[in-house]
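K.L.:
What shape does this take:
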Amino acid sequence: MVIKLKKYVIVLMVVMICAAVYLLGYAGKNDQHSALLDEDAFLLIAHRGASAIAPEHTLASYQLAMDMDADFIEIDLQMTQDGVLVALHDDTVDRTTDRSGKVAEMDLVDIKRMDAGSWFNAEKPDRAKDEYVGIQVPTLEEIFTAFGDSANYYIETKQPDESEEMEENLLELLDQFKLLEESQPDGKVMIQSFSADSLKTIRQLDNNIPLIQLMDDFEQVIPSSETFELYREYAVGIGVSHRKADEAYIAAAREAGLLVHPFVVDKLAEGEKLKSWGATGIFTNDLEAVSSLK
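P.N.:
The predicted structure follows:
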């Protein structure tokens, strides 16, 4: 009888230990969840990386953003003619490389021949570095290879209507690098777009990725509560120009249960005002200027 009782106690202890480990892991994930999607949090999203001090959308810019404790690195996606996702904001390479032309009309090998850093040195000589000369435009795969799950990713689909299967290719890469695994914190990857159709396509492919509806900068009126409710059907939040995100606008979006991430905010006073109005984060080029908001 004593032996059986001892065995029972041992089994019970093992079960309790396993349960404790599970609960600790769950709590840890919830803590990470709170840091990324909590409505009371305030996120600093590195707009095109640390683009105030390094060439935008380069591995150097993303690395600096991580070194400066950004909550997310923002990546704009364009698709090359041969179907490769690359990090570029514009649909042409004219502004940020030494070449010209549309991304969609070039193969990756053409993109890789470009100098994506010298323009920055010329434009910002006080921030110039020799190492930026000849720096390449990275592919999304190269970004994931460089940073893996050490970074949180805020990704925008650009020109999705002109890029067949952009969303499918994006999700394939996210799966390949295990960034959508249940072990990852909720909000590890967020996807934004001005295209509601692109976001809805992603929602059909994956029901869990947090989506952000970007708001057209030309529309000045506050969307109706019905419009915000429509966004809420597929998105967790909105991205909106800081020029139109006044207190009433933010309040209306928050009332609908949406996160609000204004762009682009490089002045501390502006960030403080938006935070006091209920914004849940900002896109910034200048992490150093707004770091005290965290």
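K.L.:
residues contacting D38?
P.N.:
Contacts for D38 were tallied using CB atoms under 8 Å, 6 or more residues apart in numbering; there are none. C-beta here means a position set from N, CA and C on the backbone, and glycine is covered the same way.
K.L.:
K112 now?
P.N.:
Going by CB under 8 Å, 6+ apart, K112 touches Q136, V137.
K.L.:
If I look at it, what pLDDT would I see?
P.N.:
Per-residue pLDDT puts K112 at 99.
K.L.:
can you check D216 too?
P.N.:
At D216, pLDDT is 89.
K.L.:
neighbours around the residue lying closest to it once chain neighbours are set aside, how many?
P.N.:
Nearest in space to D216, with sequence neighbours left out and distances taken as CB to CB, 6 or more residues apart in numbering, is F194 at 6.7 Å. Per other CB atoms under 10 Å, the neighbour tally for F194 reads 17.
K.L.:
Over to F144?
P.N.:
That count, for F144 with other CB under 10 Å as the rule, works out to 20.
K.L.:
same deal with D91?
P.N.:
D91, neighbours per other CB under 10 Å, totals 15.
K.L.:
Phi first, then psi, for it.
P.N.:
phi -80, psi 0 (degrees, to the nearest 10).
K.L.:
Leaving out sequence neighbours, find the closest residue to L36.
P.N.:
Closest to L36 by CB to CB, 6+ apart is G187, at 3.3 Å.
K.L.:
how near is V240 to T97?
P.N.:
Using CB to CB, to the nearest Å, one gets 29 Å for the distance from V240 to T97.
K.L.:
swap in D216?
P.N.:
In terms of CB to CB, D216 sits 28 Å off from T97.
K.L.:
According to the record, where do the domains of the chain fall?
P.N.:
When the chain is parsed with automatic domain parsing, its domains come out as 1-37, 38-293.
K.L.:
Count the neighbours of R243 for me.
P.N.:
By other CB under 10 Å, the residues close to R243 number 11.
K.L.:
ok, now which ones touch it?
P.N.:
Contacts of R243 (CB under 8 Å, 6+ apart): D217.
K.L.:
ok, D216 and T97, which is more surrounded?
P.N.:
In this view D216 and T97 are compared by other CB under 10 Å, and T97 has more residues nearby, 23 against 10.
K.L.:
Spatially nearest residue to the more buried one, not counting backbone neighbours?
P.N.:
Nearest residue to T97 in three dimensions, chain neighbours excluded: M114, at 3.9 Å (CB to CB, 6+ apart).
K.L.:
Y154 now?
P.N.:
Y154's closest residue in space is F72 (CB to CB, 6+ apart), at 4.0 Å.
K.L.:
my guess is the one you found contacts I155, does it?
P.N.:
No. Using CB atoms under 8 Å, F72 is not in contact with I155; the gap is 9.3 Å.
K.L.:
Unless I misread the structure, I73 falls within a helix.
P.N.:
No. Counting by DSSP: H, G, I helix; E, B strand; the rest coil, I73 is not part of a helix but strand.
K.L.:
surely it meets S150?
P.N.:
No. In this structure, I73 is not within contact of S150 by CB under 8 Å, at 10.5 Å.
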